[in-house]
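Trainee: Please find the sequence and the predicted model below.
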Amino acid sequence: MTFLRVIGFSVVILLFYMAFTHILPQVEPDTSAPVEVSTDGLDMDGMIALGETLFTGKGTCTLCHNGMGRAPDTLVMDMAATYPERLSDTRYTGVSAGQEGAKAIEAYIIESMKDPSAFVVEGFGQKGSNDTISPMPTVDKAPIELTLVEMNAVTAFLQDLAGLEPTVPLPSADDAPVVEDPTSGAAAPLLTSGEAVIDEHGCASCHDLGGSGADLGPSLYGIGTRMDRATVMEAIIDPNVVIADGYDADFMPADFGEEMRGTELLVLTDYLMALPDVAPVSDEEEELATTGLEVVENYGCAGCHDLDGSEADIGPALNGIGTRMSADEIRAAILDPNAVITEGYEADMMPDYFGDDMADSEIELVIDYLMKLPE
Amino acid sequence: MRHTHLLALIAVLIAAIAPDLLLAATEEAAAVLEGAPKPSRLDYPMIGNVSARTVVWSAAQMHLFLAAFVLAVPLFAIATEFMSVVTGDDRFDNMAREFMKITMAAYSLTALVGGGLLLSLMVFYPDLMGYMVKVFRGQMLIYAMLFGLESITLYVYFYSWDALRRGNRKYYHMSIGLLLNTVGLTLMFIANAWTSFMMSPAGVDAVSGAVTGTVWEATRNPLWNPLNLHRFLANIAYGGAIVGGYAAYMFLAEKDPETKAHYDWMGYTSNFIAILGFLPLPFAGYWLMAEIYAYSQQMGITAMGGILAWLFIIQAVLIGTIMLAANYYLWSGLMRTDRGAQYAKYVKYIAVVIVGGFLVWLTPHTLILSASEIQNLGGTHHKILGPLGIMPAKNVAVNLMLVMTFLSFQMFYRSSRIPTVSWAKQGNMLVVALYVVGIVNIVGAGIYGYITPTVYKVGASVPQVVSTLTIIIGAVVIDVFILRGAKAEKVHWGRMTERSQYALFVLPVAFTWLMGLMGYIRSSLRTNWHVYTVMKDNSPENYIPTLGDAGNTITAITLGFMAIMVFVFWLSRLGQTKQETVEDAA
């Protein structure tokens, strides 16, 4: 009896510990193979966008360059004033010592990545080194392993951040591809396919893509024959620069360049460039969504509405909509979106075909889901 | 043979067997040496749906559990044996022998699981093993030889116990024990070198991984010594906890009051050893983490502020459980002495501090939140609880918990001794002052941590650690003098509740699971590298599993280990069971 009591007691404790690991947030691992994409055709805006995502992603720069005091908070500091001070600092004897101008700053930033100890900001050196040795890892070596193009992209981002005109060279076809390993554990799970990026950002809710039939933006089928790779990338990052005939400016969100990781932007571009000229005809009957969340994801509602952190603002925020509208009003807004327009928003922005495309069961599911969304 | 001759002979033998241990590859040779292998996903052997990582993980963790136990027990067995010589009390000697009896049964299982680990590594990760052999060369042969020596000394130490028990022979016996522990620790240090090399490689080319240095350079990698100290202390605490579990089981199972008293005393001593190893453990862990930060800030942040940060909340729960259980056992022990009741009134205050410290320690800071959760919380950090999640608060909590645990122990120790020295009152006031000043300093340094930059925040923990150690060492020193010639009160060994014995069970269960968790953290720090920055892990399972998956695996391994230990305890008890003769039965 003692034996069984002791065993039972021990097992209960173990099961408690095990259960505890399950109630904590689970970070699902990304098990996909490394992503390798060419940067050929990337323009300077693309480089800046790539640089920003490298800074917070693969480069792991924000692990230390934040407000915690481990390294200078580059994203917040007035770097326009700081760079000239660094270059003229008597302790700095590197490649840009005593020089001025954006090109010298470019060389200084690249040098700081390849040889972080070339200049250590006061108070940020390794303990006992009297600010002569930097704790920062060399970013072109393992485990970070940024390529030259990637370091140039980070430099372009930092120059742009400081209000300077980026001076880095644009990548060519001969440059090494951008490689990101989703299992490196450096950042949030990486989207490694064009479909995943499209789903995440709800592109199909405005563009005809994957059979959505949407026409708020131009169809993306055949875009590879109409535009070159650089233009497609530019249209994603800075949509108002590239407006297709028959469509209006200021319609597509301008923050995809910030929202997407660098490799995600490149993967998406590759995917779009390879799309056929017309939408493939599917023989299979589409499976109906079984939850409100599935409906929201399938129809890309978060692409225009602020929904669980999407922060989109083309349409009104959907969080807490159940406290502002009744179920019938929400149904009416889905079936005939132009009948009632929320103050501060424009008519003809939301597609009016959801009533036709959604099954009745899907409409009920999404209404139920939206009614329960907290503020 | 003189010692110097013997050492010279050993050196020649080592040089003959493994010259690489002392000699670096020449520059010419290094130039043509191959770098670390770069296996692709397809180069990893697959056997059906068997998860290679789970097999190796299980075998490695099980081997570590067993090895930690069989290496730790001889350490405190010899210390206990030494106590028997100093005090002339045979109970210490008997207990030391009983410690070793449990170890004997576990030893062969350790070797068996170690063989299984080696086999699984060779089967599933041949490229990694090939590279590790290239780096550590002859040291692996020395490890095998030492393992043989460990077996011989262990068997001789145990089986010669009664033959070398009295007079000068006892010193021969203790010398064998010393040799056993030296060999055991050397084995652990060598294995630690392999593990720490995988985290902070040295003696190899930083880019290609080609072996350019000596085995000693690879061995003395940046994280080797912090890991050695951490594992050494953890082994002592772990071994104490397991033996305490054994004593608790025997206490519950036995009916004879005298036997119960023996196992109560054994349980108390084991708990004391466990706490002794446990008290400095957070500081050794702190040093290890500081060295990890110094070696790679990125690796440090991945552990403490990145995707593994939640694991330290689980760690806090486990350590909190251990602290509460160990203290509960100590408080229960006050009933063993007649004067214990006068100290019992302080228990509730100690309990409040320990539970409070526990709650602060498990308060998270950096949370993974959805947008709606951030909205509900009113920001990324909770307004009131958020500040309790950062290091200054946690350092205060852990130091106070350690101080209070020591106080619990000191209360029991004092309850059976009445000081007779003339300066007893002043001495007691000095002890109280030591506690008060130390605690004020711990809390004060914690508050300073809030108003200073991160870099100094880390530095603020040093005076806290010094305060805790000063209280402990100072109180021990004062007690040694104040209790000299003290009037000893009778300790009623065996006068303990059954519930208190379950508290002793919590220690080995929580320790085992905690070690599993820390293994998962340490291994995950390498992210997708076999050997950090030198050899990439391209296997299909090179990602960090979720907390839940890891929890399942750790629990399964711990259950397996507990089953083995129950078997070992049963074997040990079987060994002292005698069949009744016909006359006895009649």
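Mentor: Received it, and whenever you're ready, just let me know what you need.
Trainee: for the chain, what spans make up the strands?
Mentor: I went with chain A, as the question did not name one. A:35-37, A:178-180 (DSSP state E).
Trainee: The intended chain is chain B.
Mentor: Per DSSP E, chain B carries strands over the ranges B:417-418, B:487-488, B:529-531, B:535-536.
Trainee: So which of those strands is nearest residue B:8?
Mentor: Nearest to residue B:8, of all those, is strand B:529-531, at 35.0 Å by C-beta to C-beta. Bear in mind the C-beta positions are built from the backbone N, C-alpha and C, glycine included.
Trainee: Tell me who's in contact with the closest residue to residue B:395 other than its chain neighbours.
Mentor: Of all residues not flanking residue B:395 in the chain, residue B:461 sits nearest, at 4.8 Å (C-beta to C-beta, 6 or more residues apart in numbering or on different chains). Residue B:461 sits next to B:286, B:391, B:395, B:445, B:449 when contact means C-beta atoms under 8 Å, 6 or more residues apart in numbering or on different chains.
Trainee: Top of these by number of neighbours, please.
Mentor: Among the contacts of residue B:461, the one with the most neighbours (other C-beta atoms under 10 Å in any protein chain shown) is residue B:395, at 26 neighbours.
Trainee: And it, how far from residue B:465?
Mentor: Using C-beta to C-beta, to the nearest Å, residue B:395 is found at 8 Å from residue B:465.
Trainee: again with residue B:406
Mentor: From residue B:406 across to residue B:465, the span is 14 Å (C-beta to C-beta).
Trainee: Then residue B:334?
Mentor: For residue B:334, the distance to residue B:465 (C-beta to C-beta) stands at 29 Å.
Trainee: Check residue B:519 too.
Mentor: According to C-beta to C-beta, residue B:519 and residue B:465 sit 25 Å apart.
Trainee: Tell me, how many residues neighbour residue B:385?
Mentor: When neighbours are counted by other C-beta under 10 Å, residue B:385 registers 15.
Trainee: no, scratch that, I was asking about residue B:155
Mentor: Look at residue B:155: counted by other C-beta under 10 Å, it has 13 neighbours.
Trainee: go on, residue A:93?
Mentor: Neighbour number of residue A:93 under other C-beta under 10 Å is 10.
Trainee: Check residue B:341 too.
Mentor: Counted by other C-beta under 10 Å, the residues lying close to residue B:341 total 11.
Trainee: Give me the residues contacting stretch B:329-349.
Mentor: Applying C-beta under 8 Å, 6+ apart, the contact partners of stretch B:329-349 are B:264, B:267-268, B:271, B:350-351, B:405, B:407-409, B:411-412, B:414-416, B:418, B:489-493, B:495-497, B:499-500, B:503-504.
Trainee: residue ranges for the helices of the stretch 251-375 of chain A, please.
Mentor: Ranges of helices within the stretch 251-375 of chain A are A:256-259, A:262-273, A:292-298, A:321-324, A:327-335, A:354-357, A:360-371, based on DSSP state H, counting those that start in this stretch.
Trainee: what about the most centrally placed residue in chain A, distance to chain B?
Mentor: Centroid check for chain A by C-alpha atoms, centre = their mean gives residue A:260 as the closest residue, at 2.2 Å. For residue A:260, the distance to chain B equals 18 Å [C-beta to the nearest C-beta, to the nearest Å].
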